[in-house]
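Colleague: okay, sequence plus prediction incoming.
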Amino acid sequence: MKTIKKIICLFIVFFTGITISNASTQTFDRQQLNNYGVNKKWNINSNNLSNVLNTYKVDASEKIYDYSDILTDEEEKELYDKINKFISKTNIDMVLVSVDLPYYSDKTNEDFAADFYDYNDFGIDFKNYSGVLLLRNTYEKDPYFNIYTFGDAQLYFSYNRLERTLDYIYSDFHSGYYYDGIDTFINRMTSYYNSGIPNEMKGYKVNEDGYLYKIYRVPFIPVILISGIITLISTLIMVHKNKMVFTAKKATEYLDKSTINYTNKQDNFITSHTSSYVMSSSSGGSGGGSSHSSGGSSGVGHSSGGGRHG
């Protein structure tokens, strides 16, 4: 079926000059849409407008955007059903993207993925626009794939979990067995969600701009116990010292005449020095392991695995 669509597209392009990036994915002209089709709260300005206009505007309900044509129609349908089950269970969006994008650094892939997620309606129905995006760049000179997380998905899918998932699907992606690799990806994400937030991420939250930040909690019980122990020890020491002191009957008994030597002394003030310490955390924060929030052109935070070439 996709082969027929390709032939039709080539026919249209040859005789009309219209460029169609992929027959199975509908794209829209952002110039014709209100706020360029960005329905999230992000501020569109001169710094990111070009990124917005260069980002595909798609129907966020499709979930699979196979610009490189790595899946059959039947495979897309089966994976689409699994993705929707994942979304219904977790309240976390899931997006699959394949694209043939020339690049010279991994950041180009990250920027593409972040913009694609931020400037479309992914996660718009969920807290902090939560979602996970799997990108496969089929660029012939340097194929690449990585997983990007947004909103509260950053808490469930830590760097360590993303790294393990990338390792699990590497063989399938490298060999071109994309259905198997994506199926494994969905299963792993579901399993990790069922396991709950990992220990290394339990001290973190996500702010309204999508960045991870550390929660600082005072360990009240240990502090109280330690304070009580110190107070008890100090009291016992003072009581013990007090019992060793004998009361003097005369004032002169308080003096040790052999050690008294009166001299003229002056107390001159020279200088003073005060040390201060400030605890702070950056807006981006940092997660367990190597997890961290990075900002895209929208100014919104996201996290990712280390990525794989091949």
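Modeller: Here it is on my side, so go on.
Colleague: in contact with the closest residue in space to residue 143 that isn't next to it in sequence: list those residues for me.
Modeller: Using CB to CB, 6 or more residues apart in numbering and skipping residues adjacent in sequence, the residue nearest residue 143 is residue 310, 6.0 Å away. For the C-beta atoms, the positions are set from N, CA and C on the backbone; glycine is no exception. Neighbour list for residue 310: 143, 170, 173-174 [criterion: CB atoms under 8 Å, 6 or more residues apart in numbering].
Colleague: between those residues, which has the most around it?
Modeller: Neighbour counts for these (other CB atoms under 10 Å) peak at residue 173, which has 24 neighbours.
Colleague: which SS class is residue 149?
Modeller: Assigned with DSSP: H, G, I helix; E, B strand; the rest coil, residue 149 falls in the strand class.
Colleague: report the beta-bridge partners for it.
Modeller: Residue 149 has these beta-bridge partners by DSSP bridges: residue 132, residue 303.
Colleague: hang on, isn't it packed against residue 294?
Modeller: No. Residue 149 lies out of contact with residue 294 (CB atoms under 8 Å); the separation is 10.9 Å.
Colleague: my guess is residue 70 is in a strand, correct?
Modeller: No. Assessed with three-state DSSP, residue 70 is coil; it does not lie in a strand.
Colleague: distance of it from residue 178?
Modeller: According to CB to CB, to the nearest Å, residue 70 stands 4 Å off from residue 178.
Colleague: flag every buried residue along stretch 182-199.
Modeller: Buried residues in stretch 182-199, counted by 16 or more other CB atoms under 10 Å: 182-186, 188-190, 192-193, 197-198.
Colleague: in CSV: the residues you listed, plus secondary structure and pLDDT.
Modeller: As requested, those are exported to CSV (DSSP: H, G, I helix; E, B strand; the rest coil; pLDDT from 0 to 100):
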residue, secondary structure, pLDDT
182, helix, 98
183, helix, 98
184, helix, 98
185, helix, 98
186, helix, 98
188, helix, 98
189, helix, 98
190, helix, 98
192, helix, 98
193, helix, 98
197, coil, 98
198, coil, 97
